[in-house]
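Engineer: Need coordinates for the below:
(2 chains)
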Amino acid sequence: MNRQEIEAKVRDVLAKKLGIEPGNISGDSRLAEDLGIDSFGAVELMFEIEEAFGLKIPDSDIMGVRSVNDIVGYLEGWLDEQSKSLNPR
Amino acid sequence: MNRRRVVVTGLGVAACNGVGVQDFWRANVEGRSGITPIDAFDVTDLASKIGGQVRGFVPGSYMPDDIAKRVDRFVHFGLACADMALKDSGLRPEAEDPDRVGVIMGSGLGGLMFHEEQMVAAFDRGAHRINPAAVAKISPNAVASHIAIRYGFKGPNMVISTACASGAHAIGEAFRKVQYGDADICFTGGVEAPLTQFNFGAYCALRVLSKNNERPAAASRPFEIGRDGFVMSEGGAVLVLEERERALRRGAAVLAELTGYASNSGAHHMVMPESEGSDAARVMKAALRDAGLQRVDYINAHATSTRANDAAETKAIKAVFAEEARKIPISSTKSMIGHAIGAAGAIEAVVCVKALQDQIVPPTINLDVPDPACDLDYVPRESRRTKLEHVMSNSFGFGNCNVALIFSRES
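Structural biologist: So this is what the prediction gives:
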């Protein structure tokens, strides 16, 4: 899964959660300021991301997430780790 | 302290034989059952396979989709009925002093549907897979909180849980809040969404549900010789209670006056009524005293269609009204809609208000051959037009939590 695909999937999760079009969400969208997600909403969002991608995000990693790009970057790093451990060189 | 008079100025209801006051009331007057085979979950392994599902109910018609998505089905019923009752009352939330508007609701079971789903997730996939929304969706008080959040009502807010009497208790306590000036308006009633695999199975295990699976519409047979248990249903109702003077000042349509309330306990058993019905008799007498009345013109009985309840309630009515008991029409809403647990008392309160308005007693359907132990006038099969000034509604919850409410024609 490349970065674009990850971002598309994250935008889909967000769009479904917020009841808006994925087109209204960009990588730069900030969760609180632009999308109106409060701290409880952020916890719910990360749960939905976990369900969609099939991973468990430690609470300590959620703290730094402020924007869609932050989420995509985190997932990109995680998937990269996964592929390394699955395909040892 | 002087008690203020309290009137009903709005109604909302969602039941298995009708959603919205008009459809629901017409179904009751016409004696239409809402009981069908259950398809909400898998009943293969269960002895009872019938219930009262509220079909064609679209939560999104009564609340924004984002709210509908965030709450359990029992809150769907609460928000939908509050929306209907608000419109019926003609109140504008923004024009009211928010601190003077309360919300007091009843629910026996809370957010069971989501609770069960999350229990399965936790046991199948690990406790770390529990949805962060679980606490907020499952809490029984979510229904009163969501109504308050939606309209900004900042007065007294609570949920009362007394099994099958929850809705009636809520209305009674809301009545007191307005009588004694703790609020001027109260949105009150009861909701329940009990048709889930675990909960329904638990009631099956208790052997209290009808097994008349072949004839769903005929399964709830209060006072009838062949009755074999109650039929479980879902739904809700909300009443707007308002201090009478302010309701008249604002030109509200006054639907009825709430004039009497009492509650007590049989202190007897968790799931059995006291067989002589003495606790039920005491609560009816106390409600009459509260209303300053000697008799009523109609009793909407608790009448669950269990062998124990209907006989004990009949004895209680005789103990309270003596010879007069034979002259009072009595009927069972549960004959048509089954038993909606914490919503039942509130749905039956709607029936009482409509009966007073239209001067019609809805029937007890399926009453073909009365049990000899049940020998009063239960208005069998067809509704009856009669003069109604005061009507009583009984609700008796598991654990012997008893309530009687009295509604009177607006005068």
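
Engineer: Now residue 80: which helix or strand?
Structural biologist: Unless you meant another one, I'm taking chain A. For A:Asp80, the host element (DSSP states H and E) is helix A:68-86.

Engineer: Not quite, go with chain B.
Structural biologist: Using DSSP H and E, B:Ala80 falls in helix B:73-89.

Engineer: what's that helix packed up against?
Structural biologist: strand B:6-15, helix B:112-125, helix B:142-151, strand B:185-192, strand B:235-243 (3 or more Cβ pairs under 8 Å, 6 or more residues apart in numbering or on different chains; DSSP states H and E). C-beta: built from backbone N, CA, C; applies to glycine.

Engineer: Toward the C-terminus, what is the element adjacent to the longest one?
Structural biologist: The helix or strand immediately downstream of helix B:112-125 is helix B:134-138, counting by DSSP H and E.

Engineer: Next, the buried residues of that next one.
Structural biologist: Neighbour-count burial for helix B:134-138 flags B:134, B:136-138 (criterion: 16 or more other Cβ atoms under 10 Å in any protein chain shown).

Engineer: can you give me the strands in chain A?
Structural biologist: Taking DSSP state E as the criterion, chain A carries no strands.

Engineer: Residue of the stretch 151-300 of chain B closest to chain A, please.
Structural biologist: Closest to chain A within the stretch 151-300 of chain B is B:Gly152: 18.1 Å, counting by Cβ to the nearest Cβ.

Engineer: got the contact list for the closest residue to that residue other than its chain neighbours?
Structural biologist: Among residues not flanking B:Gly152 along the chain, B:Pro98 sits closest, at 5.2 Å (Cβ to Cβ, 6 or more residues apart in numbering or on different chains). The contact partners of B:Pro98, by Cβ atoms under 8 Å, 6 or more residues apart in numbering or on different chains, come to B:152-155.

Engineer: how far away is B:Pro98 from B:Pro156?
Structural biologist: Taking Cβ to Cβ, to the nearest Å as the measure, B:Pro98 falls 12 Å from B:Pro156.

Engineer: same thing with B:Ala218?
Structural biologist: 42 Å.

Engineer: quick one on the thing from earlier: give me the buried stretch members for the helix holding B:Ala80, please.
Structural biologist: Buried residues in helix B:73-89, counted by 16+ other Cβ under 10 Å: B:73-86, B:88-89.

Engineer: partners of the next helix or strand after it in the sheet?
Structural biologist: Downstream of helix B:73-89, the next assigned helix or strand under DSSP H and E is strand B:101-106. Paired with strand B:101-106 in the same sheet, following DSSP bridges, are strand B:157-160 (parallel), strand B:185-192 (parallel).

Engineer: got those as a markdown table, with mean neighbour count and mean pLDDT columns?
Structural biologist: Formatted as a markdown table, those follow (neighbours: other Cβ atoms under 10 Å in any protein chain shown; pLDDT from 0 to 100):
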| stretch | mean neighbour count | mean pLDDT |
| --- | --- | --- |
| strand B:157-160 | 22 | 98 |
| strand B:185-192 | 35 | 98 |
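
Engineer: I'd like those strands laid out as TSV, including distance to B:Gly12.
Structural biologist: Formatted as TSV, the strands paired with strand B:101-106 follow (distance: least, Cβ to Cβ, whole Å):
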stretch	distance to B:Gly12
strand B:157-160	17
strand B:185-192	8
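
Engineer: do you know which of those lies nearest B:Ala15?
Structural biologist: strand B:185-192 (10.9 Å; Cβ to Cβ).

Engineer: how near is the nearest residue to A:Glu44 once chain neighbours are set aside to B:Glu274?
Structural biologist: The spatial neighbour of A:Glu44 that comes closest, neighbours along the chain excluded (Cβ to Cβ, 6+ apart), is B:Pro132 at 5.1 Å. Using Cβ to Cβ, B:Pro132 is found at 45 Å from B:Glu274.

Engineer: The two: who's more crowded?
Structural biologist: Neighbours per residue (other Cβ atoms under 10 Å in any protein chain shown) separate B:Pro132 from B:Glu274, with B:Glu274 holding more: 20 against 15.

Engineer: quick one: secondary structure of the more buried one?
Structural biologist: With DSSP: H, G, I helix; E, B strand; the rest coil as the basis, B:Glu274 sits in coil.

Engineer: and it, what does it touch?
Structural biologist: Applying Cβ under 8 Å, 6+ apart, the residues contacting B:Glu274 are B:266, B:268, B:280, B:312, B:400.

Engineer: before we move on, back to that, give me phi/psi at the residue of the stretch 151-300 of chain B closest to chain A?
Structural biologist: When read as degrees, to the nearest 10, the backbone of B:Gly152 gives phi 70, psi 30.

Engineer: Make JSON lines from the contacts of B:Glu274 and add distance to chain A and pLDDT to it.
Structural biologist: Shown next, in JSON lines, are those (distance: Cβ to the nearest Cβ, whole Å; pLDDT from 0 to 100):
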{"residue": "B:Gly266", "distance to chain A": "42", "pLDDT": "92"}
{"residue": "B:His268", "distance to chain A": "44", "pLDDT": "90"}
{"residue": "B:Ala280", "distance to chain A": "45", "pLDDT": "97"}
{"residue": "B:Ala312", "distance to chain A": "47", "pLDDT": "96"}
{"residue": "B:Asn400", "distance to chain A": "40", "pLDDT": "92"}
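
Engineer: Among those residues, which one is most surrounded by other residues?
Structural biologist: Neighbour max across these (other Cβ under 10 Å) = B:Ala280, 29 neighbours.

Engineer: Flag the shaky bits of chain A, pLDDT-wise.
Structural biologist: A:87-89 (pLDDT under 70).

Engineer: residues from it in reach of chain B?
Structural biologist: The interface of chain A toward chain B, taken as Cβ under 8 Å from any Cβ of the partner chain, is made up of A:18-19, A:40, A:43-44, A:47, A:56.

Engineer: Of the residues you listed, keep whichever come out buried.
Structural biologist: Those of those that meet the buried threshold are A:18, A:44, A:47, by 16+ other Cβ under 10 Å.

Engineer: which one of those residues is nearest B:Arg326?
Structural biologist: Nearest member of those to B:Arg326, counting by Cβ to Cβ, is A:Glu44, at 59.3 Å.

Engineer: I'd assumed B:Ala136 was in contact with that closest one.
Structural biologist: No - counting by Cβ atoms under 8 Å, A:Glu44 stays clear of B:Ala136, with 9.6 Å between them.

Engineer: all helices for chain B, in order.
Structural biologist: B:21-29, B:65-70, B:73-89, B:112-125, B:134-138, B:142-151, B:166-179, B:197-205, B:244-249, B:278-291, B:307-321, B:334-337, B:344-358 (DSSP state H).

Engineer: Repeat that for chain A.
Structural biologist: Under DSSP H, chain A gives helices at A:3-18, A:39-53, A:59-62, A:68-86.

Engineer: Of all the ones you listed, which one is nearest B:Ile341?
Structural biologist: Sorting the helices of chain A by Cβ to Cβ, the top spot, which is the nearest, belongs to helix A:39-53 at 29.5 Å.

Engineer: So which residues make contact with the closest one?
Structural biologist: A:9-10, A:12-14, A:17, A:31-32, A:37, A:56-57, A:62, A:65, A:71, A:75, A:78, B:131-133.

Engineer: filter those residues to the buried ones?
Structural biologist: With burial judged by 16+ other Cβ under 10 Å, the buried subset of the contacts of helix A:39-53 is A:9-10, A:13-14, A:17, A:31, A:37, A:57, A:62, A:65, A:71, A:75, B:131, B:133.
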